[in-house]
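Q: heads up, no residue letters with this:
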């Protein structure tokens, strides 16, 4: 399974900017927002948590269809299904590789982007924490969506339609955690809920995703 | 004699064909009498004026919107566990009806909200979670339409329905946490104090029953159509083989 993870990471890096592409997309979103809403610092600071979370969500979404599609086309997914490791484990590793290439770079770079949007200094920690807790759930849920649509020819738009509603609770609690943290309010509830959603998704969703892949490769 | 016998399409077709006219008649009677009673013979409420009467469409539609997903959940489970095709087809038949019910609830709510709250739309937890439910319905229908092989489609949508149910409920409570509500609390309650006055309750009960029968009739019709479509497809295939 470690070998699978390393293979996926290597593929992502060599296929052209696995780490960089998500970050560049994030940067563009953050750059475009002030053009849309105006450069006033106070407005930007107020909407910054939402914008950063939306950017993370979209960056994650754009790379989802690549999780299984290439393996499906060249047949290596069939090999993975018949390999002597549980398919659920394969799914977890795929999701982990996706998170390491899109989620983790965003988490690390988020303070810089927060700075661009005038996010107050003490909220930066909350932003990093919320993204760190929330983005694994985005990757796992996205893997489920990718597993559902793996056999389809034009799965891209459908994938977004399927996956985005699943992101609602994570987005709500993630953005709420940052804005509460920024205002110095109690953060325990969104923090626990966000962590709970991520933990439950990571634990349970791979089973659903593996079931979907088995159906699609039948 | 068990209920599973009706998983056999032939038996299902025979039984549903016999039951269908009665269900349609019940739906028509309940809906007509409930609506006429509700719209013409019920006094206006003190604070709401005539607009109170929107509840005869809004409340039943909203109840159905939620419960139809529940029904899809049960039929999807039956399909995933026992592989009865009629069950999967019933889930497929119910989804567009659920989406329309959600839309009706949203639109009647907007029509009522404009004079009462002064706004067509508010990011209230109930309204928001209904919008999200609508998105779940859309995704479910789109997945059915996108997958060609019917059994694969039934499996995939079944899994989607199960996971979606969890997340729809989760979104409801997340939205509750996220914004304070403008929508009033539950109108129907076992607690007599909170419960709606009898004058409004009895016609509403009729309307709810009417919506339920109407839904059952529509699902039966649509499931029968699906079964016939499958038979046609099988016949055409046999024709081609010969």
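A: Good, I have the coordinates. This is a predicted model, so every value here is computed, not measured.
Q: Where does pLDDT dip in chain A?
A: Scanning chain A with the threshold set as pLDDT under 70 gives A:15-19.
Q: all strands of chain B, in order?
A: Counting by DSSP state E, chain B has no strands to list.
Q: Buried residues, stretch B:27-46. List them.
A: B:27, B:30-31, B:34-35, B:37-38, B:42, B:45 (16 or more other Cβ atoms under 10 Å in any protein chain shown). Where you see a C-beta, it was placed from the backbone N, CA and C, and this is true even at glycine.
Q: Kindly apply the preceding question to stretch A:55-66 instead.
A: Under 16+ other Cβ under 10 Å, the buried positions of stretch A:55-66 are A:55-57, A:59-61, A:63-66.
Q: Would you reformat these as a markdown table and include distance to residue A:123 and secondary structure?
A: Compiled in a markdown table, the buried residues of stretch A:55-66 are given as follows (distance: Cβ to Cβ, whole Å; DSSP: H, G, I helix; E, B strand; the rest coil):
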| residue | distance to residue A:123 | secondary structure |
| --- | --- | --- |
| A:55 | 16 | helix |
| A:56 | 15 | helix |
| A:57 | 19 | helix |
| A:59 | 20 | helix |
| A:60 | 21 | helix |
| A:61 | 25 | helix |
| A:63 | 27 | coil |
| A:64 | 28 | coil |
| A:65 | 33 | coil |
| A:66 | 32 | helix |
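Q: Next one: residue A:148 relative to chain B, how far apart?
A: 5 Å (Cβ to the nearest Cβ, to the nearest Å).
Q: try residue A:94
A: According to Cβ to the nearest Cβ, residue A:94 stands 17 Å off from chain B.
Q: And residue B:78, how far from residue B:233?
A: Counting by Cβ to Cβ, to the nearest Å, the gap between residue B:78 and residue B:233 amounts to 23 Å.
Q: More neighbours: those two, which one.
A: The residue with the greater number of neighbours, taking residue B:78 and residue B:233 and applying other Cβ atoms under 10 Å in any protein chain shown, is residue B:78; the counts read 19 against 11.
Q: Which pLDDT value belongs to the more buried one?
A: Among the per-residue scores, residue B:78 shows a pLDDT of 92.
Q: The residue nearest to it when sequence neighbours are not counted: neighbour count?
A: The spatial neighbour of residue B:78 that comes closest, neighbours along the chain excluded (Cβ to Cβ, 6 or more residues apart in numbering or on different chains), is residue B:87 at 4.2 Å. Applying the criterion other Cβ under 10 Å, we find 24 residues in the vicinity of residue B:87.
Q: Repeat that for residue A:217.
A: 16.
Q: Please list all residues in contact with it.
A: If a contact means Cβ atoms under 8 Å, 6 or more residues apart in numbering or on different chains, then residue A:217 has A:77-78, A:81, A:151 as its contacts.
Q: For chain B, tell me which of the residues you listed show up nearby.
A: If you filter the contacts of residue A:217 for contact with chain B, counting by Cβ under 8 Å from any Cβ of the partner chain, you are left with residue A:151.
Q: how about the contacts of residue A:217, which pair is most distant?
A: Checking the contacts of residue A:217 against each other with Cβ to Cβ, the farthest-apart pair comes out as A:81 and A:151, at 12.7 Å.
Q: Could you check which of the two is surrounded by more residues?
A: For residue A:81 and residue A:151, the more surrounded residue by other Cβ under 10 Å is residue A:151, and the numbers stand at 22 against 15.
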